[in-house]
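Asks: here you go, sequence then predicted model.
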Amino acid sequence: MIAVKPLALVVTCGCGERGRVMPGETWSCPACGRTYGTGDVPEEEYAAVVREVNRTKLRAIGGMAVIAAIFFPLGFILGGELWLTGIVLLAVFYFGYGPKVKRDVRRIIRTLPHWTIREMGDD
Ligand SMILES: [Zn+2]
């Protein structure tokens with residue numbers, strides 16, 4: 001299933017090491033021990049990116065919910081075979097639409113602004 005979760009920021013250290021950090025947290029480089037704070041990342045800009053990614057994923061989940069909402073009650077009225085049709089449609093939707101969602105999310109992440117965060121304790 002496609003999970004809706006917050007995005008991690010990718011930090012590239014001066015020594016070339018890379019790591020992931022959630023906004024608001026501090027990242028220490030495992031290779032050289034330098035620490036980086038994410039306080040400089042504009043919260044609004046970051047939140048907008050997260051919202052766009054989540055919207056894309058929610059569209060896919062919403063589509064599957066609609067299929068389930070149509071076929072589940074219909075199965076009670078018209079017979080259980082309709083559940084089978086619903087499950088097949090869900091699978092078709094999942095495998096047909098899923099890759100598009102992944103592509104969209106990748107595109108959004110590719111267009112992410114690059115934020116420069118300062119090394120901590122450098123003043
Ligand atoms: Zn480092």
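Replies: Great, that's in hand. These figures come from a predicted structure and were not determined experimentally.

Asks: what residue ranges in this structure score low on pLDDT?
Replies: By pLDDT under 70, the low-scoring segments of the chain are 1-7, 113-118, 120-123.

Asks: get me the contact residues on it for the ion.
Replies: Applying C-beta under 5 Å from the ion, we find that the chain lies next to the ion at Cys13, Cys15, Glu17, Cys29, Ala31, Cys32. Using the backbone N, CA and C atoms, a C-beta is placed for each residue, glycine as well.

Asks: which of the residues you listed are buried?
Replies: Neighbour counting by 16 or more other C-beta atoms under 10 Å classes Cys13, Cys29 among these as buried.

Asks: and which of the residues of the chain next to the ion is nearest to Phe72?
Replies: Taking C-beta to C-beta as the measure, Phe72 lies nearest Glu17 of those, at 49.5 Å.

Asks: so who does the closest residue to the closest one other than its chain neighbours touch?
Replies: Spatial nearest neighbour of Glu17, chain neighbours left out: Ala31 (4.1 Å); criterion: C-beta to C-beta, 6 or more residues apart in numbering. The neighbours of Ala31, taking C-beta atoms under 8 Å, 6 or more residues apart in numbering as the test, are Cys13, Cys15, Gly16, Glu17.
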